[in-house]
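>>> build me a model from this:
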Amino acid sequence: MENVVLEIGTEEIPAHYMEDALKNLNQSAQKYLEEGRINYKEIKVYGTPRRLILFIFHIKEKQEDIFQKIKGPAYSIAYNKDLQPQKPALKFAQGQGVNVEDLFVEDTKKGKYVFASKSKIGEPTIDILSQIFPKTIKSLQFPKSMRWGGERLLRFIRPIRWILALYGKEIIEFNLNGLDSENITYGHRLLAPQKIKISSTREYFKKLEKSYVIVDPKIRENIIKTDIKQIIKEIGGEKIINEKQLKEIIYLVEYPSAILGRYDKKYLELPKDVLTVVMEKHQKYFPVFKNKEELLPLFIVIINNSKKHASKIREGNENVLRARLEDAKFFFQEDQKIPLEKRVDKLKNVIFQENLGSLFDKTKRLELLSGYISDSLQVEQKVKKDLLRSAHLCKADLVTGMVKEFPELQGIMGKEYAIISGERKEVAEAIFEHYLPRFSGGRLPLTKSGMILGIADKVDSIIGCFAMGLTPTGSQDPYGLRRQSRGKIAIILKNNLKISLKDIIRKSLSLYKENVSVELKIDENEIISQILSFFKQRVKNIFLEEGIRYDVIDAVLVVESSWDVVDIKHRIEAIEELYNQPIFRKILNSSSRVLNLSKNNEETEIDRSLLKEKAELNLYHNYKSIYPRIREFIYNKEYNKVFKLLGDLCEPVDKFFDQVLVMDKDKDIRKNRIALIKKIGKLFNQVADLSKIVSIKEGRK
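Numbering: from 1, shown residues only. I've put the predicted structure just below:
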């Protein structure tokens, strides 16, 4: 058995696309190899900025052989009484490429039929790979692609410059848009740019490494980490490495080395976040920390080069960073000349979204919506006062020089400038926190004002986009609405904020209609329905990630109409707690009997005089006793007590079905009994639609 390597050589691929691209390559290769009936031991994918690599270990020499039994015509028409083959048999044999004498007869459920046996010997693997690899490359999906090539343009993340494809020592020959596969690759663009001939898959990794290309991203990551830790150890700093930054840099280099750079101590007077944003986001450096709260005037840069050239590279990077920090210092000094309050009016000149008014309009909506939410949560007046002040100032930093130059600092500089302008600490903190979380799984607001303002801001953006038809589609979400909705839900759940999403959405939409001349693309109720459906999927995903059963989530989401996310959580927890107990099976069985019989019938009032049987009278009295108590428990959100009452109701329900004929000949009696079980069914579905719960005995997906 041989190994196989496919290397797709390209122009530099954006680093943040690489991990998904490699996963895609792995999945696509597995799919086509399986379809091609090719067995192998293992697949691994590797990548650098200039290449995507598929390596298949111990691949079989040929496809698996297949044997088929093909059904033909019925025996009665295929042969005559003398057992001579007739036209249907002859045509079937000819069509299958077998001799008529090789046909055989078998009994089936539909009688005797003629069959042909065919075997297909597997073709050489190298021939199959020649067909598979072009399809594999073309199947790769990217968020953004370019069209390149000759007459028939190929969509790919970047133009493909070479393709290396080897089966052991043999070239896997194919052509992709005029580009032939070869046994040629290229070394490091600067250190070894010449062609490299790969004679065998066995020498692939070694030859590339000699040409300053480390193919495996995990090895590059280890090299970078080791270098950084060694440098930090030598200078006595704290070993803090931004892992997210590291994941990106891994795919910016083919031959990494870490070098230490310096900048003037005077720049440490700038806020720490300004320094880290400039170094990390803009320059892709690693800041060096004295401790978690204090920086040293040092940085580490990962170069795609040999340390032989470290001196010049260090000098160049220090010059670039000095210029960026000088800009930041200038903006910081100039911005302080105008208090944050006086910048609010300038938001009138900044468009929030076409047809949705300015950022000043958004600010006014945030003040009103924040006030509405704070009243719903019954926050203290002191907190509300700080909240409204934060809402008034929260977007003012967007017109500062610092944030215009470094947009990642929005909110961060708002907090800094608020403190400098003499605002209360609580006001400044909420300005910063209302942007949280900045990414999925990121830090959430800690203050009540930050939570409320963050929810208001996210709802306002989501409502505006939906009102203008700017909704997420497929993998496209240019306005980050999925992230914002998840962030809002996370804030609510983390802090047990008992508020109605539906009410907030309705209020936000009314503020748009009052303050902005928005021409709604669709009906108001339709917008609300779409937004709630959008939130429903985010809520479901969050609970699924926590390991909650999908059917339990669905059952609760069907009945929860106010869209109190915390209440949804409590309902789910009540079912989860009860799920494995025997009483829950009884509740499910009883509710199923009731709901199945009454689901297609309209509810009517119960005529007490028509209840004759002991079992139906008993069920009726139980219903009358339990109904007000269940309503009380639902109101108080005491769902465990609701299920306790439903458990008590199971025996009367079962006796009713065992002893009473629901479909009585008398129309009025029949209608009255159905009305009774219809009302009983509504009791069972107060906490969740139990018909959505997968039966315990059926198991789980």
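>>> okay, and for the stretch 1-150 of the chain, where does confidence drop off?
Low-confidence segments of the stretch 1-150 of the chain, defined by pLDDT under 70, span residues 148-150.
>>> go again with 80.
144-150 (pLDDT under 80).
>>> now the strands for the stretch 101-250 of the chain?
Using DSSP state E, counting those that start in this stretch, the strands of the stretch 101-250 of the chain run over 104-108, 111-120, 146-148, 154-156, 160-167, 170-171, 175-176, 179-180, 184-186, 195-197.
>>> now these in TSV, with distance to residue 510?
(Each C-beta comes from the backbone N, C-alpha and C, glycine too.) Listed next are the strands of the stretch 101-250 of the chain as TSV, based on distance: least, Cβ to Cβ, whole Å:
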stretch	distance to residue 510
strand 104-108	68
strand 111-120	68
strand 146-148	45
strand 154-156	44
strand 160-167	53
strand 170-171	68
strand 175-176	56
strand 179-180	58
strand 184-186	61
strand 195-197	66
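>>> may I have the distance across stretch 659-667, first residue to last?
End-to-end span of stretch 659-667 (Cα to Cα, to the nearest Å): 19 Å.
>>> what comes up buried for it?
660, 664 (16 or more other Cβ atoms under 10 Å).
>>> so which residues make contact with it?
Contact with stretch 659-667 is made by 597, 613-616, 670, 673-674, 677, as judged by Cβ atoms under 8 Å, 6 or more residues apart in numbering.
>>> going through these, which ones are buried?
Applying 16+ other Cβ under 10 Å to these flags 597, 613, 615-616, 673-674, 677 as buried.
>>> and residue 636, how many residues sit next to it?
Neighbours of residue 636 under the rule other Cβ atoms under 10 Å: 10.
>>> on the pLDDT front, check it for me.
pLDDT, residue 636: 93.
>>> average model confidence for stretch 680-691?
92.
>>> that one: end-to-end distance?
End-to-end distance (Cα to Cα), stretch 680-691: 14 Å.
>>> the top helix by length along the chain: which residues count as buried?
Assignment by DSSP state H gives helix 310-335 as the longest helix of the chain. By 16+ other Cβ under 10 Å, the buried positions in helix 310-335 come out as 310, 313-314, 317-318, 321, 324-325, 328-329, 331-332, 335.
>>> who does that helix touch, helix- and strand-wise?
Packing contacts for helix 310-335, counted by 3 or more Cβ pairs under 8 Å, 6 or more residues apart in numbering; DSSP states H and E, involve strand 256-262, helix 272-277, strand 294-304, helix 401-405.
>>> recalculate using a threshold of 6 Å.
Judged by 3 or more Cβ pairs under 6 Å, 6 or more residues apart in numbering; DSSP states H and E, helix 310-335 is in contact with strand 256-262, helix 401-405.
>>> what residues sit buried inside the last one?
By that I understand helix 401-405. Using 16+ other Cβ under 10 Å as the test for burial, helix 401-405 gives 401-403.
>>> and of the residues you listed, the nearest to residue 388?
Taking Cβ to Cβ as the measure, residue 403 is the one of the buried residues of helix 401-405 closest to residue 388, at 22.4 Å.
>>> dump the buried residues of helix 401-405 into CSV; add distance to residue 339 and pLDDT as well.
Below are the buried residues of helix 401-405 laid out as CSV (distance: Cβ to Cβ, whole Å; pLDDT from 0 to 100):
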residue, distance to residue 339, pLDDT
401, 15, 97
402, 15, 97
403, 16, 97
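>>> now render these as CSV, adding distance to residue 444.
CSV is the format used below for the buried residues of helix 401-405 (distance: Cβ to Cβ, whole Å):
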residue, distance to residue 444
401, 30
402, 25
403, 22
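>>> neighbours around residue 82, how many?
5.
>>> which residues touch it?
Not one residue lies near residue 82 by Cβ atoms under 6 Å, 6 or more residues apart in numbering.
>>> could you say which helix or strand holds it?
For residue 82, there is no helix or strand it lies in under DSSP states H and E.
>>> ok, back up a step: please convert the helices and strands packed on helix 310-335 to TSV, extending it with distance to residue 496.
TSV is the format used below for the helices and strands packed on helix 310-335 (distance: least, Cβ to Cβ, whole Å):
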stretch	distance to residue 496
strand 256-262	45
helix 401-405	33
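>>> out of those, nearest to residue 350?
Of all the helices and strands packed on helix 310-335, helix 401-405 sits nearest to residue 350, with 10.3 Å by Cβ to Cβ.
>>> contact partners of the closest one?
331-332, 334-335, 397, 409-410, 413.
>>> now, the most widely separated pair of those residues?
334 and 410 (17.3 Å).
>>> of the buried ones among the contacts of stretch 659-667, which belong to helices?
Of the buried ones among the contacts of stretch 659-667, the ones assigned to helices by DSSP H are 597, 615-616, 673-674, 677.
>>> ok, these vs residue 19, which is closest?
Using Cβ to Cβ, these come closest to residue 19 at residue 597, 53.4 Å.
>>> deepest of the strands of the stretch 101-250 of the chain, which one?
strand 160-167 (a mean of 22; mean count of other Cβ atoms under 10 Å).
>>> can I get that strand in CSV? Just the C-alpha atoms.
Extracted C-alpha coordinates of strand 160-167, given in CSV (Å, rounded to 0.1, in the frame of the first residue of the first chain):
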residue,chain,number,x,y,z
ILE,A,160,-4.3,28.2,-8.1
ARG,A,161,-0.7,28.3,-9.3
TRP,A,162,0.3,24.6,-9.1
ILE,A,163,-1.1,21.2,-8.3
LEU,A,164,1.1,18.4,-7.0
ALA,A,165,-0.6,15.0,-7.0
LEU,A,166,1.4,11.8,-6.2
TYR,A,167,0.5,8.1,-5.7
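>>> how is this protein divided into domains?
Domain assignment of the chain by automatic domain parsing yields the ranges 2-62+124-210, 66-120, 217-335, 350-547, 568-698.
>>> thinking again about what came up before, hmm, which of the buried ones among the contacts of stretch 659-667 is lowest in pLDDT?
In terms of pLDDT, residue 597 ranks lowest among the buried ones among the contacts of stretch 659-667, with 81.
>>> ok, that one - contacts?
residue 677.
>>> same thing but at 7 Å, please
662, 677 (Cβ atoms under 7 Å, 6 or more residues apart in numbering).
>>> for residue 541, find the nearest of the helices and strands packed on helix 310-335.
By Cβ to Cβ (comparing all of these), the closest turns out to be helix 401-405, at 31.8 Å.
>>> now residue 302: how far from residue 279?
Taking Cβ to Cβ, to the nearest Å as the measure, residue 302 falls 12 Å from residue 279.
>>> next: residue 153.
Applying Cβ to Cβ to residue 153 and residue 279 gives a distance of 40 Å.
>>> so between those two, which is more surrounded?
When neighbours are counted by other Cβ under 10 Å, residue 153 and residue 279 differ, and residue 279 comes out ahead with 25 against 11.
>>> and the nearest residue to the more buried one once chain neighbours are set aside, what pLDDT?
Here the nearest residue to residue 279 in space, its sequence neighbours aside, is residue 285; by Cβ to Cβ, 6 or more residues apart in numbering that works out to 4.2 Å. Listed pLDDT for residue 285 reads 97.
>>> got it, and residue 183?
97.
>>> so it sits right up against residue 171, yeah?
Yes - assessed by Cβ atoms under 7 Å, residue 183 is found in contact with residue 171 at 5.2 Å.
>>> pLDDT weak spots in this protein?
Applying pLDDT under 80 to the chain flags residues 144-153, 353-355, 440, 473-478, 515-523, 560-562, 598-604, 695-701.
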